[in-house]
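**Q** Test case, fold it:
(one chain, ligands or ions: 2)
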Amino acid sequence: MKKCDTCNQEVTNNFIEFQCPDCKKTKIIRCLDCKETGKQYACKECGFTGP
Ligand SMILES: [Zn+2]
Ligand SMILES: [Zn+2]
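**A** Numbers count the residues shown, from 1 in each chain. Ligands and ions are numbered 1, 2, ... in the order given. Modelled structure (predicted):
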């Protein structure tokens, strides 16, 4: 199961997936809820945080 990196909820099709803009090693998963409310995410690999 995939989980949103911001809120840790399981996501099915209501999410976006993108590479960390800093280290480009990790895929960040974000549910649309967190995207719309602009919550921060943190990369597990390099600790980068972004909106
Ligand atoms: Zn979320
Ligand atoms: Zn990173």
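**Q** can we go C-alpha only for contacts and neighbour counts from here?
**A** Fine.
**Q** Any idea which helix or strand in this structure has the lowest mean pLDDT?
**A** strand 49-50 (a mean of 92; mean pLDDT, DSSP states H and E).
**Q** Just name whatever secondary elements that one is in contact with.
**A** Contact analysis of strand 49-50 by 3 or more Cα pairs under 8 Å, 6 or more residues apart in numbering; DSSP states H and E lists strand 41-42 as its packing neighbours.
**Q** What strands flank the strand it packs on, and is each parallel or antiparallel?
**A** According to DSSP bridges, strand 41-42 has the following sheet partners: strand 49-50 (antiparallel).
**Q** what comes into contact with the strand it pairs with?
**A** Gln40, Tyr41, Ala42, Cys43 (Cα atoms under 8 Å, 6 or more residues apart in numbering).
**Q** just to revisit the earlier point, the least confident helix or strand of the chain and ligand 2 in contact?
**A** No - counting by Cα under 5 Å from the ion, ligand 2 is not contacted by strand 49-50; separation bottoms out at 8.3 Å.
**Q** Return the distance of that strand from the chain's centre.
**A** 9 Å (Cα atoms, centre = their mean, to the nearest Å).
**Q** ditto for stretch 41-51
**A** 8 Å.
**Q** Run through the residues that contact the spatially closest residue to Cys4 that is not a sequence neighbour.
**A** Using Cα to Cα, 6 or more residues apart in numbering and skipping the chain neighbours, the partner closest in space to Cys4 is Arg30 (4.7 Å). By Cα under 8 Å, 6+ apart, the residues touching Arg30 are Lys3, Cys4, Asp5, Thr6, Phe15, Ile16, Glu17, Tyr41.
**Q** Which pLDDT value belongs to the second one?
**A** The confidence metric pLDDT takes the value 95 at Cys4.
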